[in-house]
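Pasting the sequence and the predicted coordinates here, then a few questions.
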Amino acid sequence: MEPWILGSVYAAVVVALVLGVRASWAFVGGALALVAMGVLSPAEWLASATNPSLLILWLLLVASVAIEQRLAIGRLLPSRPSVLGRMQIFVGTGLISSVLNNTAVVAILIGPLRRWARHKGIAPGAVLLPMAYAATLGGVVTLIGTSTNLVLNGLVRDAGLEGLRSMDFLIPGLAVLGAGSLYLAWVGGRMTLGSAEEDSATTQLPYTVETKLAKDAPEVGKSVEQAGFRQLMGLYLVELQRGTQLIAPVAPNEVLQAGDRLFFAGELSAVDELLRARTGLVLPQREMTERAHEAPLVEAMVPPGSRLVGSAVRASQFRQRLDAAIVGVRRQGERMRGRIGDIELQAGDLLVLVAGPRFKERAAETRLLYVLSETAAPEGSTLTQRAFAWGGLGALGMLAATGVLAPLAALALWLGVLGAIKWLRWTDVRRGLDPELIVTLSSALALSAALQQSGLLERGLSQVVPGLASSPEWMWIAVLLLATTVLTNFVTNVASVVLAFPLAVTAVQGG
């Protein structure tokens, strides 16, 4: 095959990722193109899914699901929001994320930390944002700390090089975590620390809630002021939509008609009170949201990478996926206007939901949202179960770190322990294994291996950067770090490693 054809496929994948195409579509499309051209066989593509490093990642995802409901995070939070107390939070977050999936760690911590911050009278943002950074720092402590580490190790082994070891990460990783946590607690805390009232008043815009005036509502025929919609505690009427006519601002003497859509802005507690007190206001998807008058509202956030990002609420199949209806939306820095069903969801959006009986189960299974309130309490466990679970993790972790056991074998044994003490169920296995992630990473590894075996990069490297051939090692490292850093600003960390690795291994083997 002509080298330029393979290079074109690789370049097309890079361009697709930079343009925002989902990684699954980009990498699977690239792998399919190589299969169609005969460069990659179906057997080689499927074999990449059983790469030992990816198998470790699959087992880690299952383990994270199994124990996330067992962590009593509230007991681990400090009594005072001092520098030492915040450092305790960040170091603890990093250590947990060094052995668990980072996304799961953030999802577990975000609700308890938010409540803790408000209870202590500080802005939630002063601990939530640094906590997310600490979870990232924790990923460099161990080989299994992040999917990026594991994918890189798989690429290294596939290239015929010696695999990475746990001790390669431990000492420098702990130093990075310690220094980073101190910075986040001391300097970062001073930059973001504020009161809960300041956070609510100045850094957050209220939720926008869409309601509809029922035909038999007592407010029909009254002016906005007569209906009492001008003097709501913590809420104000921002828009009124009547057919295709949008009225904003809404005058006090505006007469209300049946079918009018009223858009209120306010905080979650005020929204809850409105829905309970005004039975004449009908919410979207009435058959589900009628229960809002007796059920508590749920607050949730759309995380980065969620399949909801970029979808309009109406087209997202939200109710079918999660057994819940969106009744309010808040987006940092922007006031939401128009019907909720027409809003295109973005990462970081906060949602008010009326949840059905299967919401918690589906939210945990799909991981489309981070639930910030009304989360289930940690499941109970006995002292014996905790001793076997955490003692087994520590013992097997030491055996893996010292090379007595392979990380894959140690993790498989730990999952066996979790199954024996009934902390791991088959439903956890189903929830933990993400088919899209499996296909994406398998395709990425196959694409990277095909590029290395083609010899294309050796020829390209000698022509494009001939001056680097005789350069010292630090120059190679600087170029690779710069290239990878630039890539991470456009694509995910895993994608940037997969794309940059062929260049790195070519430099090592050829230079």
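Looks like it came in fine. Residues are numbered from 1 along each chain as shown.

On the pLDDT front, check Gly125 for me.
We have a pLDDT of 72 for Gly125.

give me the number of residues near it?
Neighbours of Gly125 under the rule other CB atoms under 10 Å: 17. (Each C-beta comes from the backbone N, C-alpha and C, glycine too.)

Are we agreed that Glu436 is in a helix?
Yes - assessed with DSSP: H, G, I helix; E, B strand; the rest coil, Glu436 lies in a helix.

isn't it right up against Phe27?
No - Glu436 is not in contact with Phe27 according to CB atoms under 8 Å; the separation is 10.7 Å.

more crowded one of the two?
Between Glu436 and Phe27, Phe27 has the larger neighbour count (other CB under 10 Å), namely 27 against 13.

That one and Gly178: what is the separation?
Remark: distance between Phe27 and Gly178 (CB to CB, to the nearest Å) = 36 Å.

Likewise for Gly94?
From Gly94 over to Gly178 the distance is 9 Å, taken as CB to CB.

Neighbour count for the two, which is higher?
Per other CB under 10 Å, whichever of Gly94 and Gly178 has more neighbours is Gly94, with 29 against 15.

Find me the pLDDT at the more buried one, would you?
Note for Gly94: predicted pLDDT of 90.

contacting residues around the helix or strand where it lies?
Using DSSP states H and E, Gly94 falls within helix 83-97. Contacts to helix 83-97, defined as CB atoms under 8 Å, 6 or more residues apart in numbering, come from residues 71, 76-79, 105, 109, 113, 127, 130-131, 133-139, 141, 145, 177-178, 180-182, 184-186, 189.

Spell out for me the ChimeraX command that would select the buried members of those.
Of these, the buried ones can be selected in ChimeraX as follows, counting by 16 or more other CB atoms under 10 Å:
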select :71,77,105,109,113,127,130,131,133,134,135,136,137,138,139,141,145,177,180,181,182,184,185,189
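
Can you show me the helices along the stretch 201-350 of the chain?
Per DSSP state H, counting those that start in this stretch, the stretch 201-350 of the chain carries helices over the ranges 268-277, 286-289, 318-322.

Worst mean pLDDT among the ones you listed?
Looking at those, the lowest mean pLDDT belongs to helix 286-289 (a mean of 52).

low-scoring stretches of the stretch 1-150 of the chain, by residue?
Along the stretch 1-150 of the chain, the parts satisfying pLDDT under 70 run over 1-4, 68-76.

Show me the contacts of helix 83-97 that map onto helices.
Counting by DSSP state H, these place 105, 109, 113, 127, 130-131, 133-138, 177-178, 180-182, 189 in helices.

Can you give me the domain boundaries for the protein?
Per automatic domain parsing, the structural domains of the chain span 3-55+435-510, 71-197, 207-371, 383-422.

Tell me which residues touch the nearest residue to Gly234 once chain neighbours are set aside, please.
Using CB to CB, 6 or more residues apart in numbering and skipping the chain neighbours, the partner closest in space to Gly234 is Ala270 (3.2 Å). If you count contacts by CB under 8 Å, 6+ apart, Ala270 has them with 232-235.

Buried subset of the residues you listed, written for PyMOL?
Only the buried members of those end up in this PyMOL selection, burial being decided by 16+ other CB under 10 Å:
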select buried, resi 232+235
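
The nearest residue to Val255 once chain neighbours are set aside: what's it in contact with?
Computed as CB to CB, 6+ apart, the closest residue to Val255 that is not its neighbour in sequence is Ser223, at 5.5 Å. Going by CB under 8 Å, 6+ apart, Ser223 touches 252-256.

how about 10 Å then?
Neighbouring residues of Ser223 by CB atoms under 10 Å, 6 or more residues apart in numbering: 229-230, 251-256.

sorry, back to before: what is the nearest of the contacts of Ala270 to Glu210?
Leu235 (13.0 Å; CB to CB).

what sits opposite the nearest residue to that closest one once chain neighbours are set aside in the beta ladder?
Excluding the flanking residues, the one nearest Leu235 by CB to CB, 6+ apart is Gly266, at 3.6 Å. For Gly266, the beta-bridge partners are Tyr207, Leu235 (DSSP bridges).

you'd agree Gly266 is up against Tyr207?
Yes - the pair Gly266 / Tyr207 is scored as a contact, 6.4 Å apart, by CB atoms under 10 Å.

Identify the contacts common to those two.
235, 328.

Keeping just the C-alphas, turn stretch 114-126 into CSV.
The C-alpha trace of stretch 114-126 is given here as CSV (Å, rounded to 0.1, in the frame of the first residue of the first chain):
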residue,chain,number,x,y,z
ARG,A,114,-20.8,20.8,48.0
ARG,A,115,-22.9,20.3,51.1
TRP,A,116,-19.8,20.5,53.4
ALA,A,117,-18.7,23.8,51.9
ARG,A,118,-22.1,25.4,52.3
HIS,A,119,-22.3,24.1,55.9
LYS,A,120,-19.0,25.7,56.6
GLY,A,121,-20.0,29.0,55.0
ILE,A,122,-17.5,28.9,52.1
ALA,A,123,-18.2,29.0,48.3
PRO,A,124,-18.5,25.4,46.9
GLY,A,125,-16.2,26.4,44.0
ALA,A,126,-13.4,26.9,46.5
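
how far is it from where the chain is centred?
21 Å (CA atoms, centre = their mean, to the nearest Å).

Mind listing what's buried along it?
Using 16+ other CB under 10 Å as the burial criterion, the residues of stretch 114-126 that qualify are 114, 116-118, 120, 122-126.

List just the nearest of those residues to Arg276.
Of these, the one sitting nearest to Arg276 (CB to CB) turns out to be Arg118, at 22.2 Å.

check contacts around Ser306.
345-347, 349, 366-370.

Just the residues you listed: which are in strands?
Tyr370 (DSSP state E).

Let's have the contacts of Ser306 in CSV, adding pLDDT.
Below are those laid out as CSV (pLDDT from 0 to 100):
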residue, pLDDT
Leu345, 89
Gln346, 87
Ala347, 82
Asp349, 86
Thr366, 75
Arg367, 75
Leu368, 84
Leu369, 85
Tyr370, 81
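
Which of the buried residues of stretch 114-126 sits closest to Val327?
Within the buried residues of stretch 114-126, the smallest distance to Val327 is 20.2 Å, found for Arg114 (CB to CB).

got the contact list for that closest one?
124-125, 127-128, 299, 372-373.

would CSV of those residues with distance to Gly392 be doable?
Putting the contacts of Arg114 into CSV (distance: CB to CB, whole Å) gives the following:
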residue, distance to Gly392
Pro124, 35
Gly125, 37
Val127, 31
Leu128, 31
Glu299, 36
Leu372, 32
Ser373, 33
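
Done for today, thanks.
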